[in-house]
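Peer 1: Quick one, what's the 3D model for this:
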Amino acid sequence: QVQLVESGGGSVQAGGSLRLSCAASGFKYGSYCMGWFRQAPGMEREGVATFDSDGKIRYADSVKGRFTVSQDNAKATLYLIMNSLKPEDSAMYYCALRRAGCSAAAADYNYWGQGTQVTVS
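Peer 2: Residues are numbered from 1 along each chain as shown. Next up is the predicted model:
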């Protein structure tokens, strides 16, 4: 059974940095896509970045140049490194997985972590 566990959220001042982690287990490598999404109160869940099994990474325009995705295969962990954080980045951040190519739509993902809160003041 696929399990995704996020960690690394917290409270920072504007301009600060955080690194989120998503530890994945329970699936064998094949074609897949892992995505980072976020959801602020009263807002729809939006895509932040995606990482596919070919190593291709895509970012939402709102985070390009500030956020970076990286993967540690040995640890089966996906990271989201967030720099130059802004108050509008405040949200619950989720990682998600689908056993197919990447999609920007949250509804296309089958597996989700529990989320980790990021607050920027």
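Peer 1: Any regions of the protein where pLDDT drops low?
Peer 2: By pLDDT under 70, the low-scoring segments of the chain are 28-29.
Peer 1: Pick out the residue closest to the middle of it.
Peer 2: By Cα atoms, centre = their mean, the chain has its centre lying nearest to Trp36, at 2.1 Å.
Peer 1: nearest residue to that one other than its sequence neighbours?
Peer 2: Val48 (4.2 Å; Cβ to Cβ, 6 or more residues apart in numbering). Yep, even glycine has a C-beta here, placed from its N, CA and C like the rest.
Peer 1: For the one you found, what is the enclosing helix or strand?
Peer 2: Secondary structure assignment for Val48, by DSSP states H and E: strand 46-52.
Peer 1: buried stuff in that strand?
Peer 2: By neighbour count on 16 or more other Cβ atoms under 10 Å, the buried set for strand 46-52 is Gly47, Val48, Ala49, Thr50, Phe51, Asp52.
Peer 1: Verify the stated contact: the residue nearest to Trp36 with Gln39.
Peer 2: No - counting by Cβ atoms under 8 Å, Val48 stays clear of Gln39, with 10.4 Å between them.
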